[in-house]
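J.: when you get a sec, could you give me coordinates for this:
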Amino acid sequence: MKIDMGMIGASAAACGPVAAEAEAQGFDGVWASESVTDAFLQSQAALLSTREVTVGTAIAVAFARNPMSTAYLAWDLAAMSEGRFILGLGSQVQAHIERRFSMQWSAPAARMRDFLQALDAIFAAWRDGSRLDYQGPHYRHTLMTPVFTPHHHEYRIPKMIAAVGAKMTELGGELCDGLLLHGMTTTAYLDGVTLPALGKGLAASGRSRADVDLYAPLFMVMGDTEEEIAEGTRKTREQIAFYASTPAYRAVLDSVGYGDLQGELQTMSRAGRWVEMGGLIDDRLLEHIALVGTPEDMPRLCRERYAGRLDRVSSYYGWPSGDPDRLRSILADFASPQP
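T.: Numbers count the residues shown, from 1 in each chain. As a prediction, the model looks like this:
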């Protein structure tokens, strides 16, 4: 199981040092995130500061862009990193696409399919010189002249998409190299929804589970004392409650018998009762979603719960700082062969 580091909330200027330190400590990859800045700017800073780790966008908002602008960015990042870049895309939600980005919204899985197929057509035109003639239901790309064709390279650009529901998961299995899953999940949901939908998509493309990577930033509640665990637990309950208030995660809650909680949390969120919401996440629900223990426990806990389900993981909240040697030893445990 690979262990990665997320860079959510970091500025592009901060990502270079963060990524360099992650590589030195032994992380396998780092993920840029579109929150306070552009994920591609974060990725460029991370790639320029590293030599071995993979760098991906988790996520870049697809529907805030078009396939051509996205293709140019991904093509250059793949070239400058000699193939270490992973293009991770997500749909975001309707309110953000329409009201924050002022872009069009439609059925997300169908639009994402069109977006991915347009990307493939653009990359093919650049790679082999074929005529660009992509005409889909949402995107049309029919013009590419030599002066606008980027410098040729043969580096592959893996594509991953963010998925919670079955339709987007199936699409990822059919057209992508992997899925960007959410830490707000359960093994029951993975086994009952995610993996079957993935398998359906893989069958449509004639591929197997070994052909795709599944990544998730997990809620790892870590501490060396009861006080540290208690503080981490409080913060995690509040974060789980925030996600659980969103209708998109109702099915995740349903998988462990907590579906009715979603409506109650949504009502509280509309009233701004954010801190109180965490109190509704009881010990049983927390156990279904989070891993709790010392930092040294995390490799074992990840394997016990997610071996065969996930291929790459990161800690949603990062890792305790102050002892680089301790962290390197923990990260090495993720990669160590198991009996």
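
J.: tell me where the stretch 51-200 of the chain has strands.
T.: When secondary structure is read from DSSP state E, counting those that start in this stretch, the stretch 51-200 of the chain shows strands at 54-57, 60-61, 85-90, 134-135, 140-141, 159-162, 178-180.

J.: got those as TSV, with mean pLDDT, mean neighbour count and distance to Pro108 columns?
T.: C-beta coordinates here come from the backbone N, C-alpha and C atoms, glycine included. Output for the strands of the stretch 51-200 of the chain, formatted as TSV (pLDDT from 0 to 100; neighbours: other C-beta atoms under 10 Å; distance: least, C-beta to C-beta, whole Å):
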stretch	mean pLDDT	mean neighbour count	distance to Pro108
strand 54-57	98	26	17
strand 60-61	97	23	12
strand 85-90	98	27	9
strand 134-135	98	14	20
strand 140-141	98	16	19
strand 159-162	98	24	10
strand 178-180	98	25	14
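
J.: in CSV, list those strands along with distance to Gln104.
T.: Shown next, in CSV, are these (distance: least, C-beta to C-beta, whole Å):
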stretch, distance to Gln104
strand 54-57, 21
strand 60-61, 13
strand 85-90, 16
strand 134-135, 17
strand 140-141, 14
strand 159-162, 19
strand 178-180, 23
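
J.: do you know which of these lies nearest Ser336?
T.: Among the strands of the stretch 51-200 of the chain, the nearest to Ser336 by C-beta to C-beta is strand 54-57 (19.9 Å).

J.: the closest one: partners in the sheet, and parallel or antiparallel?
T.: Neighbouring strands of strand 54-57 in its sheet, by DSSP bridges, are strand 29-32 (parallel), strand 85-90 (parallel).

J.: among those, which is nearest Gly272?
T.: That would be strand 85-90 among the strands paired with strand 54-57, by C-beta to C-beta, at 26.5 Å.

J.: what about that closest one, distance to the chain center?
T.: Remark: strand 85-90 is offset 8 Å from the chain centroid, using C-alpha atoms, centre = their mean, to the nearest Å.

J.: cool, stretch 24-42 as well?
T.: The answer for stretch 24-42 is 11 Å, by C-alpha atoms, centre = their mean.

J.: so which bits of that stretch are buried?
T.: 25-34, 37-42 (16 or more other C-beta atoms under 10 Å).

J.: if we can go back for a sec, so for Gly223, which of the strands of the stretch 51-200 of the chain sits nearest?
T.: Closest among the strands of the stretch 51-200 of the chain, using C-beta to C-beta: strand 178-180, at 27.4 Å.

J.: what are the pairing partners of the closest one, and which direction each?
T.: Checking strand 178-180 against DSSP bridges gives partners strand 159-162 (parallel), strand 213-218 (parallel).

J.: can you get me a residue count around the closest residue to Leu47 other than its chain neighbours?
T.: Distances taken as C-beta to C-beta, 6 or more residues apart in numbering put Ser81 closest to Leu47, at 4.4 Å, once the chain neighbours are dropped. For Ser81, the count of nearby residues is 21 (other C-beta atoms under 10 Å).

J.: quick check: which ranges of the stretch 151-300 of the chain have low pLDDT?
T.: Counting by pLDDT under 70, the stretch 151-300 of the chain shows no low-confidence range.

J.: hmm, 90 instead?
T.: 274-275 (pLDDT under 90).

J.: residue ranges of the helices in it, please?
T.: 166-175, 187-189, 195-205, 226-244, 250-254, 261-270, 274-277, 283-289, 298-306 (DSSP state H, counting those that start in this stretch).

J.: buried ones in the second one?
T.: When you say that, I think you mean helix 187-189. Tyr189.

J.: hang on, the earlier thing: which residues sit in contact with the residue nearest to Leu47?
T.: Leu47, Val55, Tyr155 (C-beta atoms under 8 Å, 6 or more residues apart in numbering).

J.: for Ile229, which of the strands paired with strand 54-57 is the nearest?
T.: strand 29-32 (25.9 Å).
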